[in-house]
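Student: Kindly generate the corresponding structure for this input.
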Amino acid sequence: MAEDQKLYEVALTRLPGIGAQLTRLLVSYCGSPKAVFATHAGKLLKIPGVGNGVARNILDGSKGALQEAEQILKQAEELDVQLLFYTSLNYPDRLKQIADAPTLLYFRGNGNLNQKRIVSIVGTRQATSYGQTVTERIVEDLRPHHVMVVSGLAYGIDIMAHRAALQAGLPTIGVMASGPDIIYPAIHRKYAERMLTQGGLLTEGVFGTKPDAPRFPARNRIIAGMSDCTIVVEAALKSGTLITADIAHSYDKEVMAVPGNITSPVSEGPNFLIKSMKAAAYTSPQDLVELLNWDLEDAATARTKAKAAAVFDPADYSEDELKVLQVLQQSREEQMDNLSWKAQVPVSLLASVLLGLEFKGVVKAMPGKKFMLLV
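Tutor: Predicted coordinates:
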């Protein structure tokens with residue numbers, strides 16, 4: 001059943017002339033991706049935004065789209081690629097809120113794309129020694145905060161950020177402008193392969209997609225959209241990095257920039273962002289902590305842990321059970337996917353943890369995959 005659902009999810013993205021927003025509309029009106037293919041022309045034409053051309057593309061293109069989807073599913077299985085439709089629990093929640101977010105993502109790796117704290121670090125391909133030093137320092141300073149580092153796997157600041165994250169033991173995600181089967185640039189393959197066990201590789205490009213120039217700005221919106229904050233280290237005044245910063249700004253995401261030498265061309269971008277108040281200055285990790293209120297979150301978590309310890313004897317619960325209970329103490333009730341994200345317990349493990357807590361009489365399952373604290 002799940003495989004059948006996945007087939008129609010992928011097929012829906014292979015229909016010509018149907019973008020992300022229209023796809024969401026079709027699924028919303030029809031009830032599911034499979035139902036879109038079973039809906040007759042008259043009903044399709046009643047959906048806002050669906051004209052004769054779109055209806056014809058769906059009806060005439062369904063057979064070809066399903067055949068193409070079968071091939072994609074086969075390739076995904078062979079290369080161990082996860083296909084994340086926007087309704088998937090593993091799809092990045094932060095990105096899902098963006099109007100132009102991809103309908104389908106291709107993901108290789110073991111990283112949690114809904115990790116509690118995610119920061120993207122981007123910059124020029126022509127990084128200086130100063131840029132390298134700053135990037136490595138930023139990543140090292142992120143270690144105590146258990147942050148996932150996102151970047152674009154490109155030359156310069158991007159690969160420096162990934163490399164530093166790997167060294168620091170932090171998960172790191174490379175967002176690619178190519179298909180999941182094409183590592184670009186190829187020289188970064190050794191880092192990309194390490195990232196598969198410490199983060200992963202993410203793209204909206206189908207298998208065989210070449211990293212053509214127009215795909216990079218599209219790639220940048222994923223980097224900006226799935227992060228809490230985008231940090232610009234070095235960048236020219238007119239560059240793809242500043243496009244990423246502008247996209248993040250348009251999404252109401254936090255943007256930070258590292259001040260640089262006013263005589264350096266690659267400092268013009270960050271200095272401009274700060275001067276024009278499109279970015280906050282990053283001079284120390286405390287700047288980031290205060291901007292994102294991590295200090296307040298950590299203080300609240302410490303209080304919650306202390307309260308939990310007083311109510312729930314650690315000897316009676318596993319570590320994962322205590323994490324779940326701490327989250328539920330704050331909200332009393334949570335949906336399963338939100339609970340997984342907030343408690344940092346994988347969905348694959350969370351079901352058994354919740355079942356154990358139900359047996360212990362402290363948690364109750366509610367309709368809509370919600371769980372409520374009973375004590």
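
Student: what about the helices in the stretch 251-375 of the chain?
Tutor: Along the stretch 251-375 of the chain, the segments classed as helices by DSSP state H, counting those that start in this stretch run 268-275, 285-291, 294-311, 319-331, 336-343, 347-359.

Student: Equivalent analysis for the stretch 1-150 of the chain, please.
Tutor: 2-13, 20-30, 33-38, 41-44, 52-79, 93-96, 129-142.

Student: how many degrees apart are the first one and helix 20-30 in direction?
Tutor: I take that to be helix 2-13. Orientation of helix 2-13 against helix 20-30 (axes from the mean of the first three to the mean of the last three Cα atoms, to 10 degrees) gives an angle of 130 degrees.

Student: distance between helix 2-13 and the chain's centre?
Tutor: Centroid separation for helix 2-13 versus its chain: 21 Å, with Cα atoms, centre = their mean, to the nearest Å.

Student: by contact count, what packs against that helix?
Tutor: Using 3 or more Cβ pairs under 8 Å, 6 or more residues apart in numbering; DSSP states H and E, the elements in contact with helix 2-13 are helix 20-30, helix 33-38, helix 52-79, strand 82-85, strand 104-109. C-beta here means a position set from N, CA and C on the backbone, and glycine is covered the same way.

Student: looking at the helices of the stretch 251-375 of the chain, which is closest to Met372?
Tutor: helix 319-331 (7.4 Å; Cβ to Cβ).

Student: for the closest one, what is the average pLDDT?
Tutor: Mean pLDDT, helix 319-331: 87.

Student: same thing with stretch 354-362?
Tutor: Mean pLDDT, computed over stretch 354-362, is 89.

Student: can you check stretch 274-286 too?
Tutor: Computed over stretch 274-286, the average pLDDT equals 96.

Student: Any buried residues in that stretch, and which?
Tutor: Ile274, Lys278, Ala279, Ala280, Tyr282, Pro285 (16 or more other Cβ atoms under 10 Å).

Student: same deal with stretch 34-52?
Tutor: Judged by neighbour count using 16+ other Cβ under 10 Å, the buried positions of stretch 34-52 are Lys34, Val36, Phe37, Thr39, Leu44, Ile47, Val50.

Student: swap in stretch 198-216?
Tutor: In stretch 198-216, counting by 16+ other Cβ under 10 Å, buried: 198-207, 209, 211, 215-216.

Student: Quick one: those as JSON lines, columns for secondary structure, pLDDT and distance to Val255 too.
Tutor: Rendered in JSON lines, the data for those read as follows (DSSP: H, G, I helix; E, B strand; the rest coil; pLDDT from 0 to 100; distance: Cβ to Cβ, whole Å):
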{"residue": "Gln198", "secondary structure": "coil", "pLDDT": "96", "distance to Val255": "26"}
{"residue": "Gly199", "secondary structure": "strand", "pLDDT": "97", "distance to Val255": "22"}
{"residue": "Gly200", "secondary structure": "strand", "pLDDT": "98", "distance to Val255": "24"}
{"residue": "Leu201", "secondary structure": "strand", "pLDDT": "98", "distance to Val255": "24"}
{"residue": "Leu202", "secondary structure": "strand", "pLDDT": "98", "distance to Val255": "21"}
{"residue": "Thr203", "secondary structure": "strand", "pLDDT": "98", "distance to Val255": "23"}
{"residue": "Glu204", "secondary structure": "coil", "pLDDT": "97", "distance to Val255": "22"}
{"residue": "Gly205", "secondary structure": "coil", "pLDDT": "96", "distance to Val255": "25"}
{"residue": "Val206", "secondary structure": "coil", "pLDDT": "97", "distance to Val255": "30"}
{"residue": "Phe207", "secondary structure": "coil", "pLDDT": "97", "distance to Val255": "33"}
{"residue": "Thr209", "secondary structure": "coil", "pLDDT": "96", "distance to Val255": "28"}
{"residue": "Pro211", "secondary structure": "coil", "pLDDT": "94", "distance to Val255": "25"}
{"residue": "Arg215", "secondary structure": "helix", "pLDDT": "94", "distance to Val255": "22"}
{"residue": "Phe216", "secondary structure": "helix", "pLDDT": "94", "distance to Val255": "18"}
